[in-house]
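Engineer: I would like the atomic coordinates for the input below:
(one chain, ligands or ions: 2)
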Amino acid sequence: NEDPADQVQRIAAIKADFGDDLFLVAHHYQKDEVVQFADARGDSLKLAQIAASNHAAKHIVFCGVHFMAETADILTTAQQHVVLPDPMAGCSMADMANPFQLTQAWQALTARYGDTILPVTYVNSSAAIKAFVGRHGGVVVTSSNAGAIVSWALKQAKHLLFLPDQYLGRNTALALGIPKTEIGMWLAQQNHLEATDPDNLRVILWNGYCSVHQQFNTTQIDHLRQTYPDVKIIVHPECHQDVVAAADEVGSTAAIINYIKAAPKGARIAVGTDNNLVGRLIHTYADKKIMFLNPHSCACILMNRIDLPHLAWTMDQLAAGDSGHEIKVDADTAFWAKKALDRMLELS
Ligand code: 13P
Ligand code: SF4
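Structural biologist: Ligands and ions are numbered 1, 2, ... in the order given. The predicted model follows:
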């Protein structure tokens, strides 16, 4: 029941006391009440790059979701501590692939393809999944480098298993010119490969998805285009392939921000991604007509778990010499996951 103004003041004061020993990072989907304290904001790639390069701050307060904090822990040094203000801030898509399912899938797929298949995981996956991928010579991608890295991976192996987001995987493969007939799907819950011609598959998708980005559809796009013939539409690549095909642009959260920044004054742009980010863009670029593609319910409830009370509690813990909700990946998992992450960072 504490007054939010007191929490704001306390967070700022504790942060100032720590100085360079504390670095607070926030993903673009975080609420304004959290973003106001960020030393750096970014998409998943930028946040991983910050973790890989900022080895000075003792405490990294990570305002984002669990897989991002795990990635930060893997890429920082043993002397640094990564703290997630609410450990319940997960990612429902990342939870759609676990090592048990992946081991089963890999057994079946390597029985068919031998060593001509390589695993590629979206960064929205657990450290354990990244470690599996690292152990098998694979690589991590984010929404901003998926095209370049999948293209590289297709030169290393005839077949790819792309997990967990079927939509980022399909949108990336289609953009690289891979025909639909060469894109199959691994149905993890049924242990079944869905494909008409399995031997000719180039990309095998895991059947995961983001529940937030499933809430955009082509009816919304058609309606907006009828109402505002001048509207431009930009969406995140986690959207359905029909939505991506109907949009004018597709890109990561950072690419969406850059697109809007570069648009001329008065431009009308509808954005298909999490509403915290779109709401901030509407306020920041008030001289442009920025709109929600779906104004109703496109909020990532997991990102939203990080709020002022959780952040204030975390800062209190750190000020008292406690660790708060520290995210620590065990050494063996971190070692192998880092292989897959380092491969991505070298290729980015
Ligand atoms: P970005 O890497 O584009 O910021 O995406 C992260 C994410 O979780 C989107 O749902
Ligand atoms: Fe995960 Fe979707 Fe939330 Fe991104 S928006 S963190 S993919 S649940």
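Engineer: where is the longest helix in this protein?
Structural biologist: When every helix of the chain is counted residue by residue (DSSP state H), the longest turns out to be helix 331-347.
Engineer: tell me if residue 92 really is in a helix.
Structural biologist: No. Assignment of residue 92 by DSSP: H, G, I helix; E, B strand; the rest coil gives coil, placing it outside any helix.
Engineer: does it touch residue 211 like I think?
Structural biologist: Yes. Residue 92 lies in contact with residue 211 (Cβ atoms under 8 Å); the separation is 5.5 Å. (C-beta placed from N, C-alpha, C; glycine too.)
Engineer: skip the chain neighbours and tell me the closest residue to residue 156.
Structural biologist: When the adjacent residues along the chain are set aside, residue 156 lies closest to residue 118, with 5.7 Å between them (Cβ to Cβ, 6 or more residues apart in numbering).
Engineer: and for the one you found, the neighbour number?
Structural biologist: Number of residues near residue 118 (other Cβ atoms under 10 Å) recorded here: 20.
Engineer: right, is the helix or strand containing it up against ligand 1?
Structural biologist: With secondary structure defined by DSSP states H and E, residue 118 is part of strand 117-122. No. Judged by Cβ under 6 Å from any ligand atom, strand 117-122 stays clear of ligand 1, getting no closer than 8.8 Å.
Engineer: in its sheet, what does that strand sit against?
Structural biologist: Sheet partners assigned to strand 117-122 using DSSP bridges are listed as strand 139-141 (parallel), strand 159-163 (parallel).
Engineer: quick check: angle from that strand to helix 331-347?
Structural biologist: Using axes from the mean of the first three to the mean of the last three Cα atoms, to 10 degrees, the direction of strand 117-122 lies 90 degrees away from that of helix 331-347.
Engineer: now strand 117-122: average pLDDT?
Structural biologist: Here the mean pLDDT over strand 117-122 is 98, rounded to a whole number.
Engineer: quick one: distance of the helix or strand just after that strand to the chain centre.
Structural biologist: On the C-terminal side of strand 117-122, the closest following helix or strand by DSSP H and E is helix 127-135. In terms of Cα atoms, centre = their mean, to the nearest Å, the centre of helix 127-135 is found 16 Å from the chain centre.
Engineer: who does helix 127-135 touch, helix- and strand-wise?
Structural biologist: helix 66-75, helix 99-113, strand 117-122, strand 139-141, helix 331-347 (3 or more Cβ pairs under 8 Å, 6 or more residues apart in numbering; DSSP states H and E).
Engineer: contacts for that helix?
Structural biologist: Outside helix 127-135, the residues that touch it by Cβ atoms under 8 Å, 6 or more residues apart in numbering are 67, 70-71, 74, 94, 97-99, 102-103, 106, 119-121, 123, 139-140, 163-164, 329, 332-341, 343.
Engineer: now those residues: which count as buried?
Structural biologist: Taking 16 or more other Cβ atoms under 10 Å as the criterion, what is buried in the contacts of helix 127-135 is 67, 70-71, 74, 94, 97-98, 102, 106, 119-121, 123, 139-140, 163-164, 329, 333-334, 336-341, 343.
Engineer: rewinding a little: list the contacts of the residue nearest to residue 156.
Structural biologist: 136, 137, 138, 139, 153, 156, 157, 159, 160, 161.
Engineer: among those residues, which pair sits farthest apart?
Structural biologist: Spatial extent of the contacts of residue 118 (Cβ to Cβ) is set by the pair 139 and 159 at 14.4 Å.
Engineer: follow-up on the earlier one: tabulate the helices and strands packed on helix 127-135 (TSV), appending distance to ligand 2.
Structural biologist: Below are the helices and strands packed on helix 127-135 laid out as TSV (distance: least, Cβ to the nearest ligand atom, whole Å):
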stretch	distance to ligand 2
helix 66-75	8
helix 99-113	18
strand 117-122	9
strand 139-141	13
helix 331-347	17
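Engineer: for residue 228, find the nearest of the ones you listed.
Structural biologist: Closest approach to residue 228 among these (Cβ to Cβ): strand 117-122, 32.6 Å.
Engineer: and residue 199, helix, strand or coil?
Structural biologist: Secondary structure assignment for residue 199 (three-state DSSP): helix.
Engineer: that one: how many residues sit nearby?
Structural biologist: For residue 199, the number of neighbouring residues by other Cβ under 10 Å comes to 9.
Engineer: against residue 193, how distant is it?
Structural biologist: Spatial separation of residue 199 from residue 193 under the definition Cβ to Cβ, to the nearest Å is 11 Å.
Engineer: try residue 90
Structural biologist: Going from residue 90 to residue 193 by Cβ to Cβ gives 28 Å.
Engineer: who in the stretch 201-348 of the chain is up against ligand 1?
Structural biologist: Taking Cβ under 6 Å from any ligand atom as the contact definition, the stretch 201-348 of the chain meets ligand 1 at 210, 236, 238, 252, 253.
Engineer: go again with 8 Å.
Structural biologist: Residues of the stretch 201-348 of the chain found near ligand 1, taking Cβ under 8 Å from any ligand atom as the criterion, are 210, 212-213, 236-238, 251-256, 273-274, 300, 303.
Engineer: still on that earlier bit, next one: the strand holding residue 118 to chain centre, how far?
Structural biologist: Here the centre of mass of C-alpha atoms in strand 117-122, compared against the chain's by Cα atoms, centre = their mean, lies 16 Å away.
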